[in-house]
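Q: how does the following fold in three dimensions:
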Amino acid sequence: MDYQKVTPEIIEQFEAIAPNRVKLNGDISLDFSQDEMPIYGKKMPDVAIDVTSTEEISKIMEICNEHKIPVTPRGSGTGLVGGAVPILGGVLLNMKAMNQILEYDLENLVVKVQPGVLLAELADDAAKKGLMYAPDPGERFATLGGNVSTNAGGMRAVKYGCTRESVRAMTVVLPTGEVSNFGSSVTKNSSGYSMVNLMVGSEGTLGIITELTLKLLPQPKEYMTLILPYEDLETCINTVPQIFMNHLAPQSIEFMERDIVESSERYVGKQVFPKEVNGTEVSAYLLVTFDAATEDELDATVERASEVLYESGAIDVLVANESQVKKDVREARGSFLEAISKETKLLDECDVVVPINKIAPYLSYIKSIEEEVGLTIKSFGHAGDGNLHIYTCSNDLEEEEFKRRVHIFMNYAYDKATEFGGQVSGEHGIGLGKVEYLEKSLGDVNMRLMQDIKRVFDPNLILNPGKVCYKL
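A: Here you go, the predicted model:
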């Protein structure tokens, strides 16, 4: 594609649309050159525009489409696959100022928001009204627009689904500058192709989301979190199917290995998880949360769950029943990435997803290739839905050698996931970093279909180029 540069004349047009919000050169934040996984590269945009409305974005996209200027939309930049990196320079649209919770419809249990609203802001605001926004990705300071664009999952996905299940409608600016509304606030819809579901998870390659209508739920009245220590990882993971086969309905099931827990505890400065229980060394943990409408219902569920968990090999069933303990557990679990990053010079990650009955053999396979690829491997993840976060780490390799070894590891990891009936990404998306692995996993036909869809929406391939299904 023959992309064009941003000229002084075009900058003047941008200034007329967004006065005093067009930034050039040294005025552009260095943060805009990368996301939270800088191993996928850094590139500054030529122009960054703080946009505030659908109308502004529409006019900017008309200009960029006419002149074939690449455009990258960006929220908080908390992605981990290079999805918000402006790899061709061009125009970066900073969506953070579009951060208003617009309207609650309490009778239909939906809320309208702008894409720059943070996940934490909506979660806290809805809770004040006795409601819950179900998606709970680990990065609470990501924008909702970014969550929708990657179909973020999080810990509650096992019970309430990923972000996709909570999106009812959206307003979208297409790469041509046209504005369209997809979906509606109704619960059921069989009215043609689902444009909403096509946009969810498209990572800003098909259109720019400027307004969202999201589903809410009544806030559960009671919660209880169980900490389950295990002697070995295999026993820990093999417990998960037993929870479902016994008709329990956990809100979340997280697994973590001991080394990653210890990194997290060093990071937060306190010990949260037991390392020895009844004289037995702990190697792995499950963190299981249940919710219910009443205390009696919750107590009965936890009692049944405890029996299943003991029978399945848990050394003990520990209840995080004090508010401070619950806070400490959540803080430790939420800091895994930051803890690994602090202790690691070079880092990459895949959030592969496999069927839950394949988690144990899959992780055993990953451990078996650690020495061969010459990298330190750390893992944790959402055991209830098979979404595993596997980190490749090194403190002594040069970057090029690290990348070479990671490439070998990723091919092994994704090939095995495909063999087990899994997928390349469970929630972080494909972005820039995982395109070749997606292509290998899905095959030529599926990649061609996605590329054809991209061209229908974006005939000049200007919107977030080089991501998901198109290589540059």
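Q: for the host helix or strand of Tyr414, packing partners?
A: Here Tyr414 is covered by helix 399-419, with elements defined by DSSP states H and E. Contacts defined by 3 or more C-beta pairs under 8 Å, 6 or more residues apart in numbering; DSSP states H and E place helix 399-419 against strand 346-350, helix 359-368, helix 370-373, strand 387-394, helix 435-442. Yep, even glycine has a C-beta here, placed from its N, CA and C like the rest.
Q: of all the ones you listed, which lies closest to Lys221?
A: Nearest to Lys221 among these is strand 387-394; the distance by C-beta to C-beta comes to 27.7 Å.
Q: from the chain's centroid, how far away is that closest one?
A: Computed by C-alpha atoms, centre = their mean, to the nearest Å, the chain-centroid distance of strand 387-394 equals 14 Å.
Q: quick one: contacts of the helix holding Tyr414?
A: 39, 346, 348, 350, 352-354, 362, 365-366, 369, 373-375, 377, 390, 392, 394, 397, 423-424, 437, 440-441 (C-beta atoms under 8 Å, 6 or more residues apart in numbering).
Q: those strands in the stretch 201-350 of the chain, which residues are they?
A: Listed in chain order, the strands found in the stretch 201-350 of the chain under DSSP state E, counting those that start in this stretch are 208-215, 217-218, 222-230, 252-257, 276-277, 280-281, 284-292, 318-320, 346-350.
Q: what mean pLDDT does the fifth one have?
A: In other words, strand 276-277. Strand 276-277 shows a mean pLDDT of 92.
Q: give me the sheet partners of it and which way each runs.
A: Strand 276-277 has these partner strands in its sheet, going by DSSP bridges: strand 280-281 (antiparallel).
Q: circling back: narrow the contacts of helix 399-419 to just the buried residues.
A: With burial judged by 16 or more other C-beta atoms under 10 Å, the buried subset of the contacts of helix 399-419 is 39, 346, 348, 350, 352-354, 362, 365-366, 373, 375, 377, 390, 392, 394, 397, 423-424, 437, 441.
Q: what's the local residue count around Val172?
A: By other C-beta atoms under 10 Å, 22 other residues sit near Val172.
Q: so how far is Phe14 from the closest residue to it other than its chain neighbours?
A: Distance criterion C-beta to C-beta, 6 or more residues apart in numbering; nearest residue to Val172, sequence neighbours excluded, is Gly207 at 4.0 Å. Taking C-beta to C-beta, to the nearest Å as the measure, Gly207 and Phe14 are separated by 20 Å.
Q: cool, Arg21 as well?
A: Distance of Arg21 to Phe14, given as C-beta to C-beta: 9 Å.
Q: what do you get for Lys188?
A: Separation of Lys188 from Phe14 (C-beta to C-beta) stands at 42 Å.
Q: for stretch 130-148, list every residue counted as buried.
A: By neighbour count on 16+ other C-beta under 10 Å, the buried set for stretch 130-148 is 131-140, 142-148.
Q: so what's the gap between it and the chain middle?
A: On C-alpha atoms, centre = their mean, the centre of stretch 130-148 falls 10 Å from the chain's centre.
Q: cool, stretch 460-472 as well?
A: Averaging C-alpha positions (C-alpha atoms, centre = their mean) puts stretch 460-472 20 Å from its chain's average.
Q: what helices or strands is the lowest-mean-pLDDT helix or strand in the chain leaning on?
A: Averaged element by element with mean pLDDT, DSSP states H and E, the chain has its least confident helix or strand at helix 323-334 (a mean of 77). Judged by 3+ C-beta pairs under 8 Å, 6+ apart, helix 323-334 is in contact with strand 222-230, helix 258-268.
Q: for the first one, C-alpha coordinates in CSV please.
A: Same thing as strand 222-230. The C-alpha trace of strand 222-230 is given here as CSV (Å, rounded to 0.1, in the frame of the first residue of the first chain):
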residue,chain,number,x,y,z
GLU,A,222,-22.4,-12.4,48.8
TYR,A,223,-18.9,-13.4,47.8
MET,A,224,-16.4,-15.9,49.1
THR,A,225,-12.8,-16.6,47.9
LEU,A,226,-11.0,-19.9,48.6
ILE,A,227,-7.2,-20.3,48.6
LEU,A,228,-6.3,-23.8,47.6
PRO,A,229,-2.7,-25.0,48.0
TYR,A,230,-1.5,-28.0,46.1
